[in-house]
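> how would this look folded up:
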Amino acid sequence: MRVERIADPNDPRVVDCRGLTDAESSRARGLFVAEGRLVVRRVIEDGRFRVRSVLVNGAAARVNM
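As a prediction, the model looks like this:
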C-alpha cells in the first residue's frame with residue numbers, strides 16, 4: 001500500500017472525503033465509508049469491497065493496521 005501525506009484539506013486527492021455529512025450523501029456519490037480502526041481493518045481484510053483509499057490522522061498512520 002502506498003502512503004501519501006496530505007497537508008492541505010483542499011488537496012484534490014481527498015475530494016471524496018470532503019463534505020460527507022451523512023450516509024445517504026455518500027451512497028449518492030457511490031461511496032461506502034467505514035469509520036474506526038476495527039471496522040476499517042475488517043473491510044480491508046474481508047476482500048469483498050474494492051478499497052479506493054484510507055484516510056487517517058498521524059496517530060493512526062503510525063499504528064500497524
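> so the residue most central in space within the chain, which state does it fall into?
For the chain, the residue nearest the mean C-alpha position is V54 (3.3 Å; CA atoms, centre = their mean). Put simply, V54 is coil when judged by DSSP: H, G, I helix; E, B strand; the rest coil.
> for it, which non-adjacent residue is closest in space?
Leaving aside its sequence neighbours, V54 sits nearest to V40 (CB to CB, 6 or more residues apart in numbering; 6.3 Å). C-beta coordinates here come from the backbone N, C-alpha and C atoms, glycine included.
> could you do R13 as well?
Excluding the flanking residues, the one nearest R13 by CB to CB, 6+ apart is I6, at 6.4 Å.
> contact partners for the one you found?
Residues in contact with I6 (CB atoms under 8 Å, 6 or more residues apart in numbering) are 13-14, 55.
> tally of neighbours for D46?
D46 has 9 neighbouring residues, counting by other CB atoms under 10 Å.
> on that earlier part again, now the contacts of I6 as JSON lines including neighbour count?
Formatted as JSON lines, those follow (neighbours: other CB atoms under 10 Å):
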{"residue": "R13", "neighbour count": "11"}
{"residue": "V14", "neighbour count": "13"}
{"residue": "L55", "neighbour count": "13"}
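> distance to L31 and pLDDT for those residues - can I get that in CSV?
Formatted as CSV, these follow (distance: CB to CB, whole Å; pLDDT from 0 to 100):
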residue, distance to L31, pLDDT
R13, 15, 90
V14, 13, 88
L55, 12, 87
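> what is the mean pLDDT for stretch 19-36?
For stretch 19-36, the mean pLDDT works out to 80.
> from N57, how far off is A28?
For A28, the distance to N57 equals 26 Å [CB to CB, to the nearest Å].
> distance to G36 for the contacts of I6 - can I get that in JSON lines?
Converted to JSON lines, the contacts of I6 look like this (distance: CB to CB, whole Å):
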{"residue": "R13", "distance to G36": "22"}
{"residue": "V14", "distance to G36": "19"}
{"residue": "L55", "distance to G36": "13"}
